[in-house]
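Engineer: Dropping the sequence and predicted coords here.
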Amino acid sequence: MATAAPSPPGAPDQPAPAPASTVSPPTAGNGGGNPPDANAVQPKWRLWHSLSLLLIIVAIGVLGVTQPPYLAFLGTLALLAAFTAIAGNGIVGFWLGALIDERNKMSLSRLQMVLWTIVVLSGFLTAALRNVSVGSSDPLKIAVPKEIWLVMGISTTTLVGSPLIRSTKTAEPSETGLPQQVIDKRAVVLERTREELARQGMRKDTIFAQGSIVVWKWPSCARLSDLFQGDQIAGAAQLDLGKIQLFFFTLALVFTYVVALAAEFSSAAGPVNSFPALGESMVALLGISHAGYLANNAVPRTGPA
């Protein structure tokens, strides 16, 4: 250990350097643990990330042409999920990094977009590779029901619309033109929310507000509970019923369609030319849930005025 240089004659003694912190950084989604400083987590893309992604791509191709379609489909689902996790680890530093947005929180809109992308892409790759293996003259001629495109469009709209709505609420209190009394009450509400989150396991010095939107200081602060809690300062420590509803609808619809695709592939004796249909009523329910989620985000919740 290096020692401090002696002070010149007549100069006041210099204070001893502070000991280095020995706190280890936690992992993301650990329920509220946080690193001691901004340098505690340093995501870095390494060679093994690139090699792993390349191997996954090769493995998907091998599965598609050598295994029965339903096994290839299930294997492709798992491999694409692994691809997403490895990419998130290399870029953000955590296995669930693909779900962490610009607020350093896990995002429900990101989750449902990732789920639908993995399911639809797995189905399309499995069908195309199956058609190649049986010698189809047009292996990419696969009819995808319009309901699937509607679901993907709804998911994309929510993924884009949520940040746009939040961006209208990120103005600093001094820039909103609100009376000072309202600004002071907003600060009181924020402090109350920070105390409630601290009781849930967060560190108060990692909780901040951009306008009326609560954000975490580092990606390592992200928790799975972010998927179900509010975004604004008056609700960030409470359950958001709109998010819970959207989560259940998305999970039920994704699971149902995975089962339908697996059944379609298990009965395929030749080329696969179409995806199974998705009920219009389910699409309508999902659309209503997404609309309610976006509308709920648009309502200001900054505490009493």
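Structural biologist: The structure has been received and is ready for your questions.
Engineer: In the stretch 51-200 of the chain, what residue spans correspond to strands?
Structural biologist: Remark: strands of the stretch 51-200 of the chain are absent; assignment by DSSP state E, counting those that start in this stretch.
Engineer: so where's it uncertain?
Structural biologist: Residue ranges of the stretch 51-200 of the chain with pLDDT under 70: 172-177.
Engineer: show me where it has helices.
Structural biologist: 69-91, 108-133, 146-167, 180-199 (DSSP state H, counting those that start in this stretch).
Engineer: So which of these is the most surrounded?
Structural biologist: Ranked by average neighbour count under the criterion mean count of other CB atoms under 10 Å, the helices of the stretch 51-200 of the chain are headed by helix 108-133 at a mean of 21. Backbone N, C-alpha and C define where each C-beta goes, glycine included.
Engineer: who does residue 214 bridge with?
Structural biologist: residue 209 (DSSP bridges).
Engineer: returning to that earlier point: is it possible to get TSV of the helices of the stretch 51-200 of the chain that adds distance to residue 291?
Structural biologist: Formatted as TSV, the helices of the stretch 51-200 of the chain follow (distance: least, CB to CB, whole Å):
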stretch	distance to residue 291
helix 69-91	27
helix 108-133	13
helix 146-167	9
helix 180-199	27
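Engineer: Residue 269 is nearest to which of those helices?
Structural biologist: Closest to residue 269 of these, according to CB to CB: helix 69-91, at 9.8 Å.
Engineer: Run the angle between that closest one and helix 108-133 for me.
Structural biologist: 130 degrees (axes from the mean of the first three to the mean of the last three CA atoms, to 10 degrees).
Engineer: Quick one: distance of helix 69-91 to the chain centre.
Structural biologist: Computed by CA atoms, centre = their mean, to the nearest Å, the chain-centroid distance of helix 69-91 equals 16 Å.
Engineer: now do stretch 221-235
Structural biologist: Distance of stretch 221-235 from its chain centroid, counting by CA atoms, centre = their mean, is 12 Å.
Engineer: Stretch 86-104 now?
Structural biologist: With CA atoms, centre = their mean, you get 8 Å for stretch 86-104.
Engineer: Stretch 292-303 now?
Structural biologist: With CA atoms, centre = their mean, you get 20 Å for stretch 292-303.
Engineer: pLDDT (mean, whole number) over that stretch?
Structural biologist: Average pLDDT, stretch 292-303: 80.
Engineer: Which residues does that stretch contact?
Structural biologist: Residues from elsewhere that reach stretch 292-303, judged by CB atoms under 8 Å, 6 or more residues apart in numbering: 108, 158, 161-162, 165-166, 169, 185-186, 188-189, 212, 230-235, 240, 242-243, 245-246.
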